[in-house]
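Asker: Mind folding the following:
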Amino acid sequence: MEEYKMFNSSLKKEALRIHEETLDKYNKSFEKMGKSCEQLYAVRGKSVELIQVIQRVVNSIANTPKEFDTELGKISRELSEFNETEEYVKEAYNASIKAGVDIGIGLGAGLGAASMVPTALMSIATTFGTASTGTAISALSGAAAKKAAIAWIGRTFAGVAVKEGAGMAAGQAFLALAGPIGWGITAASTGISLISLTSKNKELADNAVEEAKKIEEARESLDENTEKVNALKARTDLLFNDMNKQRNKIIGFMNLDYLSIEDKDKVFLGTLVNNTLSLSVLLNESIG
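Answerer: Numbering: from 1, shown residues only. Below is the predicted model:
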């Protein structure tokens with residue numbers, strides 16, 4: 001009997017070692033994905049500024065073709081959509097804090113919306129997309145605001161299951177949170193979760209291995225998403241850099257008359273407007 005207990009004890013230690021190593025890899029993948037999202041958000045911010053410069057220049061030119069107005073209208077709508085996404089993220093973040101929402105309830109590390117840096121939250125939300133409830137969270141209060149904030153978090157972070165009132169065991173909470181995007185979870189918090197789930201070495205070892213499999217699946221999804229984010233950033237970078245190199249030339253068209261400029265400059269402006277539209281569309285392209 002004593003040998004059986006020792007065997008199970010060794011089994012538990014080995015299972016927890018595997019679990020911890022898998023978790024460490026997951027956290028590194030999560031951090032890598034987060035950095036990629038922030039880098040994408042940074043180039044999108046620079047793109048917005050350049051697009052606005054181009055809008056001012058083109059709008060200042062007299063007698064431009066009607067198709068310019070059509071394209072500029074599309075560009076404005078893309079900018080508005082991106083701005084609305086940012087504003088909704090800020091609103092939902094503030095509302096979640098006021099409502100005391102913490103999607104990390106039950107996790108020993110106390111992770112959740114309230115503990116995230118707003119910039120990091122913004123970069124992830126704009127990368128993976130958000131969906132409005134149709135009602136501004138700021139217009140709600142009490143339980144309604146809390147419910148709306150939780151709904152927003154659940155939609156924004158695909159695969160994240162949030163239960164109002166929580167009370168889930170830490171291990172169950174982690175399994176619910178481990179999705180395509182997921183959250184960074186510390187080894188300590190999941191170690192606590194496993195111990196809290198059972199005191200039997202054999203059962204604990206089985207749970208540790210099973211949870212490690214789930215963590216590994218989540219890590220693979222994170223890595224896939226990181227590749228997609230990097231690809232989107234590369235496309236945005238390429239277009240932004242090509243256009244930004246022409247910034248001084250673009251500004252030189254300020255307040256000119258389209259009818260008086262050379263044909264080659266008309267071609268340049270036409271290409272510029274088309275590229276600006278393409279760049280604005282990239283602002284709202286999300287990782288599905």
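Asker: tell me the SS of Ala120?
Answerer: Judged by DSSP: H, G, I helix; E, B strand; the rest coil, the three-state class of Ala120 is helix.
Asker: One more: Ser221?
Answerer: Counting by three-state DSSP, the backbone at Ser221 sits in helix.
Asker: how many neighbours does it have?
Answerer: Counted by other CB atoms under 10 Å, the residues lying close to Ser221 total 19. From N, CA and C alone the C-beta is placed, and that goes for glycine too.
Asker: do the same with the one 10 residues further on
Answerer: Other residues within reach of Ala231, judged by other CB under 10 Å, total 12.
Asker: Same check on Val89?
Answerer: As a burial measure, the neighbour count of Val89 was computed by other CB under 10 Å and equals 20.
Asker: helix or strand for it, which one?
Answerer: Taking DSSP states H and E as the definition, one finds Val89 inside helix 66-98.
Asker: what is the mean pLDDT for that helix?
Answerer: On average, the pLDDT along helix 66-98 is 85.
Asker: OK, contacts around the spatially closest residue to Thr127 that is not a sequence neighbour?
Answerer: Nearest residue to Thr127, sequence neighbours excluded (CB to CB, 6 or more residues apart in numbering): Cys37, at 4.5 Å. Contact partners of Cys37, counting by CB atoms under 8 Å, 6 or more residues apart in numbering, are Ala120, Ser123, Ile124, Thr127, Val229.
Asker: just to revisit the earlier point, does anything pack onto the helix holding Val89? Which helices or strands?
Answerer: Taking 3 or more CB pairs under 8 Å, 6 or more residues apart in numbering; DSSP states H and E as contact, the helices and strands that helix 66-98 lies on are helix 2-60, helix 118-128, helix 142-156, helix 263-283.
Asker: From what I see, Asn275 and Asn241 are in contact.
Answerer: No. Using CB atoms under 8 Å, Asn275 is not in contact with Asn241; the gap is 11.6 Å.
Asker: Between the two, tell me which one has more neighbours.
Answerer: Of the pair Asn275 and Asn241, Asn275 is the one with more neighbours under other CB under 10 Å, namely 16 against 11.
Asker: residues near the closest residue to that one other than its chain neighbours, how many?
Answerer: With CB to CB, 6+ apart as the criterion, Asn275 has its nearest non-adjacent residue at 5.7 Å, and that residue is Met243. For Met243, the tally of surrounding residues (other CB under 10 Å) stands at 21.
Asker: okay, now the closest residue to Asn284 other than its chain neighbours: neighbour count?
Answerer: If you skip the residues right next to it in sequence, Asn284 has Glu81 as its closest partner in space, 5.2 Å away by CB to CB, 6+ apart. Counted with other CB under 10 Å, residues neighbouring Glu81 total 14.
Asker: likewise the one 10 residues further on?
Answerer: Residues within reach of Glu91, counting by other CB under 10 Å, total 18.
Asker: try Lys264
Answerer: The tally of other residues near Lys264 (other CB under 10 Å) stands at 8.
Asker: same thing with the one 4 residues further on?
Answerer: One way to gauge burial is a neighbour count; for Phe268, by other CB under 10 Å, it gives 16.
Asker: Can you give me every residue that contacts it?
Answerer: By CB under 8 Å, 6+ apart, the neighbours of Phe268 are Lys249.
Asker: per-residue pLDDT, it?
Answerer: Model confidence at Phe268, expressed as pLDDT, equals 98.
Asker: Against Tyr258, how distant is it?
Answerer: Applying CB to CB, to the nearest Å, the value for Phe268 to Tyr258 is 12 Å.
Asker: Sounds good, over and out.
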